[in-house]
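> Generate coordinates for the sequence data below:
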Amino acid sequence: MKKVKIISIVLLLFNAIGALPAGFLFIIDPTGSKMGMTTAQLAHSPFTNFLIPGIVLLMVNGVYSLLTAYFTYKANPKAALMVMAQGIILIGWIIIQVLMLQMTDALHYIMGTVGLMLLVCGYWMYKVR
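Residues are numbered from 1 along each chain as shown. The predicted structure is shown next:
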C-alpha cells in the first residue's frame, strides 16, 4: 500500500509540475505563443484564445494535483477518491484536448497513461484501505 501511495504522489506531482507553469503561461499570454502554440490551433474548439483552458489547466490539473498529493501524503480518508478523480480528470482533459486540437503527440500518450495509472492507484488504495 505504501508503494501505491508513493507512486500516486509522484504521478500527481509530475502532473502538477507540467500543468502549473503551462496554465500560468496561458493565462499571462492567452495567444499561446509562450507555449509555442497559436490561437489557430483552437479552430475546432469553442475558445478564441487560451485564457479559459489555461485557468482550467492551472486549477484542475495543477492545484488539484498538489492538493491530492498532500491529502495522499497525510493519509486523508478521501485521498483514494481524490486520486481516482484526478485520474479521470486527466484522462478527460487529454481526450478533450485531442478532440479540440485535432492532433496528438507523445505528451498526450504520456499524460493519458499517467491519468490511467492514477485511476488504478486510487482504485487500489480505495479497495485495500
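> how many neighbours does residue 75 have?
11 (other CB atoms under 10 Å). Using the backbone N, CA and C atoms, a C-beta is placed for each residue, glycine as well.
> hmm, I was thinking of residue 8
Neighbour tally, residue 8, other CB under 10 Å: 28.
> so what's it up against?
69, 72, 83, 118, 121-122, 125 (CB atoms under 8 Å, 6 or more residues apart in numbering).
> what's the spacing between residue 52 and residue 8?
28 Å (CB to CB, to the nearest Å).
> nope, residue 110 is what I meant
Following CB to CB, the distance that separates residue 110 from residue 8 is 17 Å.
> now do residue 33
Counting by CB to CB, the gap from residue 33 to residue 8 is 34 Å.
> Enumerate the positions of stretch 9-18 that are buried.
For stretch 9-18, the neighbour count (16 or more other CB atoms under 10 Å) marks 9, 11-12, 14-16, 18 as buried.
> residues in contact with it?
By CB under 8 Å, 6+ apart, the list of residues contacting stretch 9-18 reads 61-63, 65-66, 68-69, 72-73, 83, 86, 90, 111, 114, 117-118, 121.
> One more: stretch 107-117?
7, 11, 14-15, 18, 86-91, 93-95, 97-98.
> center of the protein, which residue is that?
Central residue of the chain (CA atoms, centre = their mean): residue 61, 3.5 Å from the mean position.
> I am assuming residue 80 contacts residue 120, so please confirm or correct that.
No: counting by CB atoms under 8 Å, residue 80 stays clear of residue 120, with 11.4 Å between them.
> For the two, indicate the residue with more neighbours.
The neighbour comparison of residue 80 against residue 120 (other CB under 10 Å) goes to residue 80, with 23 against 16.
> Read off the pLDDT value for that one.
pLDDT for residue 80: 98.
> Could you tell me which residues make contact with it?
122-123, 125-126, 129.
> let's see 7 Å
Residues in contact with residue 80 (CB atoms under 7 Å, 6 or more residues apart in numbering) are 122, 125-126, 129.
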